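[1] 3D, please:
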Amino acid sequence: MGNLRRSNDVVLVKAESSYNTDPTPSTSTNAVLVQNASFSTEGLRMNERPAIRANIGQLQNIFGGQLGRLSFEVEVKGSGTAGTAPEVGTLIKGCGMGETVVASTSVTYKPISTSHSSVTIYWYEGGRKLHKLTGARGTMGMRCEAGGVAVFTFEFVGHYTDPTDQSQPTPTYSTVVPKAALNMAVSIGGVTAAIARAWEINLNNTIVMPPSLAAADGYGEVQISQRDVAGTLEIDAELASVIDVDAQLSAGTGLTFQSGTLGSTAGNRVAVNSAANGLYFRDKQFGDADGIRTRTMPFGIVESSSGNDEISVVFT
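    Model (predicted):
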């Protein structure tokens, strides 16, 4: 008896070797420390029955299958050892990103267009009600504000079955502590003089759920069909001689974005970079922060001629 407390939520995630086959995530090796977990049904079908009858009441709807959608945030931090994938790496790969490991040096994630990894996610609601997503793929973003703790944002869609009651699990989490967003020399088109307050970048993957008569839930393989890497940049308004965002917007100027390095200790450093000249502004919004004029600049990021390189997330 008792309520399900949000603070007791536990999330386990493990890559699948075969699509939609549960690899049974472990509390000792597959736990990810998350916050703000939120679940909803996805593609729930309740079929109406418009029979012609003498009575005007409705007949019972017929359940026709459903998927599940789970979203949450994860702190941005490394594994503690340079060249070792971070706790969040499996989730990043489940969002259409490829992983390149250089031993003892770095782990880099970049978009890929084929052979997307799928994951199984166990979400223990309140620690005691187990919801499973299998064959899950998703989309992700990263948000960074001056002086704050940067976070990854994730949203996954997968095959779903009714939850079951469980005992409270005891997960083992990474002991690495994230670093605050300080001493980050944000560069926009090579300009570091502009004062950046915050930025956010999202993959904006399109998640498609093809119907399938052969599937128990009426849905086939959850797939990533498109992405539109985009975000926002908030800076203090500057003279054109410092950074001319107005002219860059109207001219469609391609700019290179570099976040600077979050953290200073090997194994817990993270940086985000765009493709060379891949960022272009899509709009401008005027703001005021305590009497200081600001600009929020929505942007898109396109790949270079090499392809699949709109952004890179580099752990060192």
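
[2] rest of the way, CA atoms for contacts and neighbours
    Will do.

[3] Next, count neighbours for residue 68.
    21 (other Cα atoms under 10 Å).

[4] Provide a list of residues in contact with it.
    39-42, 133, 157-160 (Cα atoms under 8 Å, 6 or more residues apart in numbering).

[5] Equivalent analysis for residue 139, please.
    95-96, 154-156, 202-207.

[6] How about residue 63?
    45-47.

[7] Which single one of these is nearest to residue 224?
    Distance to residue 224, by Cα to Cα, is smallest for residue 45 among the contacts of residue 63, at 21.5 Å.

[8] how close does residue 215 get to residue 122?
    21 Å (Cα to Cα, to the nearest Å).

[9] Please disregard the earlier target; I meant residue 297.
    Counting by Cα to Cα, the gap from residue 297 to residue 122 is 37 Å.

[10] Also residue 151?
    Distance from residue 151 to residue 122, by Cα to Cα: 21 Å.

[11] likewise residue 285?
    Distance check for residue 285 against residue 122: by Cα to Cα, it reads 40 Å.

[12] One more: residue 79?
    21 Å.

[13] Over to residue 198?
    Taking Cα to Cα, one finds residue 198 at 32 Å from residue 122.

[14] can you check residue 284 too?
    From residue 284 over to residue 122 the distance is 41 Å, taken as Cα to Cα.

[15] likewise residue 164?
    Taken as Cα to Cα, the span from residue 164 to residue 122 is 11 Å.

[16] list residues touching both of those two?
    Common neighbours of residue 164 and residue 122 (Cα under 8 Å, 6+ apart) are 130-131.

[17] Neighbour count: the two, which is higher?
    residue 122 (24 against 11).

[18] What pLDDT is listed against residue 1?
    Looking at residue 1, its pLDDT reads 60.

[19] try residue 161
    89.

[20] burial of it, as a residue count?
    Neighbours around residue 161, by other Cα under 10 Å: 16.

[21] Contacts only, for it.
    131-133.

[22] one more time with 10 Å, if that's ok
    Neighbouring residues of residue 161 by Cα atoms under 10 Å, 6 or more residues apart in numbering: 65-68, 130-134, 217.

[23] Ok, residue 115 next?
    Residue 115 neighbours (Cα under 10 Å, 6+ apart): 96-98.

[24] in the chain, which helix has the most residues?
    As assigned by DSSP state H, the longest helix anywhere in the chain is helix 245-251.

[25] same question for the helix or strand following that one, mean pLDDT?
    Next helix or strand after helix 245-251 toward the C-terminus (DSSP states H and E): strand 257-258. Taken as a whole, strand 257-258 carries a mean pLDDT of 98.

[26] Ok, stretch 214-233 next?
    On average, stretch 214-233 scores 98.

[27] Any chance you could give me that stretch in CSV, C-alpha atoms only?
    Extracted in CSV, the C-alpha atoms of stretch 214-233 (Å, rounded to 0.1, in the frame of the first residue of the first chain):
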residue,chain,number,x,y,z
ALA,A,214,1.5,-9.1,-37.9
ALA,A,215,2.4,-7.4,-34.7
ALA,A,216,0.8,-8.1,-31.3
ASP,A,217,0.3,-4.4,-30.7
GLY,A,218,-0.5,-3.5,-34.3
TYR,A,219,2.8,-1.6,-34.9
GLY,A,220,6.0,-2.6,-36.7
GLU,A,221,9.5,-1.3,-36.1
VAL,A,222,9.7,2.2,-34.6
GLN,A,223,12.0,4.1,-36.9
ILE,A,224,13.8,7.5,-37.2
SER,A,225,12.9,8.8,-40.7
GLN,A,226,14.2,12.4,-40.6
ARG,A,227,16.1,14.9,-38.4
ASP,A,228,16.1,18.7,-38.3
VAL,A,229,18.9,19.8,-36.0
ALA,A,230,18.0,23.2,-34.6
GLY,A,231,18.1,25.2,-31.5
THR,A,232,18.3,28.7,-29.9
LEU,A,233,21.1,30.9,-28.8
